[in-house]
Structures are given as C-alpha cells and as structure tokens.
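Chemist: predicted structure and sequence below. I'll ask about it afterward.
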Amino acid sequence: MQHTASSGHGLGPHMKDIAQQAWPVLIASWAGVAFAVIDTAMGGHAGALDLQIMALATSIYVTVFVGLMGVIHALIPILAQHFGAGQLHEVGRMWGQGVWLAAALCLVGCAFLLAPDLWLSVSGDIGPEVRDGVRDYLSALALALPAALAFRAIYALATAVSRPRTVMEIYVAGIFVKLFFNWVFIFGHLGAPAMGATGAGLSTAVVSWIMLAAGLARVLRDPWYRRFSPQLGRPNWREQAELLRLGIPMGGSYLIEVGAFTFMALLAARDGMYVTGAHQIMANLAALCYMVPMALGVATASLTAQAIGARDPALARRNGRAGITLVVAAALITALAIVLGRDPILRLYTDDPQVTAMAILLLTLLPFFHMGDALQCIGCYLLRAYKVTVVPLLMQIVALTGVGLTGGWWLGFGPGRGALAGLIETLIPGAPPGTSTMWIMSTVGLLLSASLLFLWYGYVLRRHARPVGTPEDQAALR
C-alpha cells in the first residue's frame, strides 16, 4: 500500500498521490476510447451509411460491455482493501475468482449482442442495409467480448494494487494494432475485402484477444504480480456471491450511465442520418472527456479503499477531498477546451458538411453535460471505495433514468414532444429539437445524480468517523 501522503494533513500530498496513479489510468482509458474514436473517424470517411451503422452498433455493444464490466469491477475495492490490509495471497486468489466471473458473464453478453432486432425496435423505421450492417458488426464484436471482459479482471488487479501502468502500456500498443487492422478490414488491403463498418468490428475482436494474451503474460511473469500468487483455482460459490452482491449494483450503475447514450443514439436515428452521425460525434467526445474524471475517480477510490483496508479513516477522508478537488478543476479546464477547440475537433471526425453543421449545434451543450458527468462520476467512485453500491444505484435510477432518459424521451420524442422547442430555438437556433432535448435532460439528470450521491457520501463519512472495515460497518451501509 502507498503511504506517501498518510502523514500530511493538507490536500497537496494526497492530490499528488492521486495524480500519479490517475495519469496511467487516463492514458489507458483514452486509448480504450480511442478504439471507438478510430472506428468513427475511419468509418466516417468510408461513408455516412457506415457511420450510422457504427453509431447504432457501437452504442449497443458499449451498453452490454460496460454493464458487464461494472460487475467485474467489483474486484477493485475488494482487492484494494486486501492489499491495504497486507493480505497479498487473498489478492491473487480473489483475482482468479474474478476471471471465472468474467467467463460466465460473456455468455450473457453474447446473447444480447446476437439479438440486434431487440435493440433496433427503438429506432423506428430504419433501412434494411443499416439493419444488416448492425447485425454483422455486432456478430464480429461478440467474438471480442470474452477477451475484453477477461482483460477487465487484469485491469481491476492492476488498479487495485496501484500498478495502472500495466494496462496503460497494453492499451497504447493496442491503438497501433487497431489502426493497422482497421486499415486492412475497413478499406480492404493486403488481400482482405473492404468490409466497411463490419471490418471495424472484426478488427476490435482481433485486437481484444491480442491484448488479453499480453495482459496474462504480464500478470503471470512479472515479479510484482507473482507476489500475489495469482491463480485461477476453482470457482468458489461463496466468493462468487460476494462479487455479485457488490458487482451487480455496480454493473447496474454503469449500465444506467451508458444506457442513456445507447437509447439516445437509437432515438436520434429518428432525426435522420446526419443527426445520427452528429450525435455519434458528440457521444464520442463526451466519452473522451469523461475519461479524465473517471481516471481521477478510479485512482481516488483505489487509494481510499487501501486506506480503509489499513483501518485509517482519516486518510480515506483526505483522499476523498483531494479527489473531488482535482475532478472539479479538471472539469472546468475540459469545458474550456471544448469551447475553444470545437472546429478543429470536428474536422478530425468527418468531411460531411451536413453532419458537421448538426454537430456544431449539439456541441454547445457538451460543456454543461460534462460538468454534471464529472461530478456524479467522482461521487460514485468514492462510495464504491467503501463498498457502498445499492443506494447509489437507486439514486441513479431516479436521476439518470427517471429524469434524464425518460424525461428526455417524453419531452423530445414522446407525448410532450416540442415542450422545449422554444428554449432550444432561443439558445441553439436550428438544432434538432428531439436530440437536443435528450442531451438537455440528460444534463439535468446528471446534476441531480451528483447532488444525491454527495449527500449520501457525507452520510457514509459520518458513519465511518470511527475505524472502518468490519463486516458490521459495511453491512450497515449497503
């Protein structure tokens, strides 16, 4: 466990510790999101049809993957608390249980990916060429899912024991491999047929298995990880139940967050091909921006959980305050960068003038959306460090699904359609009213979620004013 800031009472040393652990997480996360950005950029230059196919199919895949990934990420607070308590053998043993969990979850995920019509029913009347393209793309991504989920167990281990550079190096190398296979499969080179959007999905499958092989080699051969005796062992049903008890609410929380993007993309298809493409660019940028508070949240939660495992509640509290400060500062800087860099950013995504025109209008909303996203992100991660997951999930259901997603559908495409048209026309003249309404209401939902999460975090801190980590403490807060 890292104790470098444990003796200080100011936030500076803790902010430094968090930043040192966050930057490799950020690079790895950006590299992971870069896969989708690369697909969108290369597919956008292949044609507007391919961009629409990837907008829909990627949204479906991300929903399935992120929801299941959240379950596996239950490993992070569990492993971090074992690491903070010096229980090194337990770290390696529980990691093996996480690998078994990933293997089981991939069966669930593939079932959803291979049923695209279930998802596309939300999109209204879309052309058969789009529907067939989405089906082929998701079939390719189903090949990627087992490797991608297993790799998240490696990510969880590296993050929990403060070695995030392990996955950063693999992700960065994966970008170059992804670019190469996209070039081969999307446009048809080296004897391969030009497969367009489907080629991007096949490229993702190839890269995912290469990354998993690299990650396993690192965990099993690196002396740092061998000290934990990482082993697959046999599935332990009691420990699987512990992972699921913590992981299912976490997965639900992840699913709610990303599900809004999925259904926004599916609904945006009703506004036409160009709005769908613009929405996809907006969603890619929002995801790219989210990586900053997410990386800071992961680092803050990891160090906080280690402090909890070491029975040091004062250090846990100081880490939390330092993480919140960093996230707010980073969100303000990111919002400014969006405003100043709008035009060159859009040129990287598309050459289509109609997609660009729609994207310029939607990007007006992104700085406000990101601020809400950043605040609710750090709130979630702080609570996860204390293994508090059920109450945050309920809060997000109300705020993100009830107010954000349902409210956005109701006012943008449902019975209340047009209720915000006057406001939108005043603030963003010419913006598509349906899709713009979805983004506005999602921003409102994020800000409400952040407020509720911080209220509950204050309650958790009051309950943990005494030394923490006992089963009784944890059970009282779930």
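Modeler: Looks like it arrived, so ask away. Here the structure is a predicted model, which means the values were calculated and not measured.

Chemist: any idea of the pLDDT on the residue nearest the centre of the chain?
Modeler: A centroid search over the chain (Cα atoms, centre = their mean) returns residue 66, at 6.2 Å, as the residue closest to the centre. At residue 66, the pLDDT value in this model is 83.

Chemist: and for the one 4 residues further on?
Modeler: In the predicted model, residue 70 carries a pLDDT score of 87.

Chemist: how about the nearest residue to it, chain neighbours excluded?
Modeler: residue 254 (3.1 Å; Cβ to Cβ, 6 or more residues apart in numbering). All C-beta spots, glycine's among them, are computed from the backbone N, C-alpha and C.

Chemist: for the one you found, which residues are in contact?
Modeler: Residues counted as contacts of residue 254 (Cβ atoms under 8 Å, 6 or more residues apart in numbering) are 66-67, 69-70, 73.

Chemist: okay, and it sits in which element?
Modeler: Element membership of residue 254 [criterion: DSSP states H and E] is helix 237-268.

Chemist: among the contacts of residue 254, name the ones in helices.
Modeler: Using DSSP state H, 66-67, 69-70 are the members of those that sit in helices.

Chemist: got a quick PyMOL command for the buried subset of those?
Modeler: Restricted to buried positions by 16 or more other Cβ atoms under 10 Å, the PyMOL selection for the ones in helices among the contacts of residue 254 reads:
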select buried, resi 66+67+69+70
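
Chemist: from residue 40, how far out is residue 350?
Modeler: Separation of residue 350 from residue 40 (Cβ to Cβ, to the nearest Å) stands at 9 Å.

Chemist: mutual contacts of those two, please.
Modeler: 51, 281.

Chemist: follow-up on the earlier one: what mean pLDDT does the helix holding residue 254 have?
Modeler: For helix 237-268, the per-residue pLDDT averages 82.

Chemist: tell me which helix or strand comes right after that helix.
Modeler: helix 273-309.

Chemist: so after that next one, what's the next helix or strand?
Modeler: Assigned by DSSP H and E, the successor of helix 273-309 is helix 313-340.

Chemist: identify the residues contacting the next helix or strand after that next one?
Modeler: Downstream of helix 313-340, the first helix or strand assigned by DSSP H and E is helix 342-349. Residues outside helix 342-349 that contact it (Cβ under 8 Å, 6+ apart) are 40-41, 44, 281, 284-285, 338, 356, 359-360, 363.

Chemist: for helix 342-349, buried residues please.
Modeler: 342, 345-346, 349.

Chemist: where's the dip in pLDDT among the residues you listed?
Modeler: residue 349 (77).

Chemist: would you mind measuring from the nearest residue to it once chain neighbours are set aside to residue 358?
Modeler: Spatial nearest neighbour of residue 349, excluding adjacent residues (Cβ to Cβ, 6+ apart): residue 281 at 4.8 Å. Residue 281 sits 9 Å away from residue 358, taking Cβ to Cβ as the criterion.

Chemist: kindly report the same for residue 153.
Modeler: 39 Å.

Chemist: ditto for residue 424
Modeler: 13 Å.

Chemist: now swap in residue 147 and tell me
Modeler: Residue 147 is 35 Å from residue 358, by Cβ to Cβ.

Chemist: quick one, what contacts residue 158?
Modeler: 164-167.

Chemist: for the stretch 201-350 of the chain, which spans come out with low pLDDT?
Modeler: Scanning the stretch 201-350 of the chain for pLDDT under 70 picks out no residues.

Chemist: helices of the stretch 1-150 of the chain, residue ranges please.
Modeler: For the stretch 1-150 of the chain, the helices defined by DSSP state H, counting those that start in this stretch occupy 12-46, 48-72, 75-84, 88-113, 116-120, 128-160.
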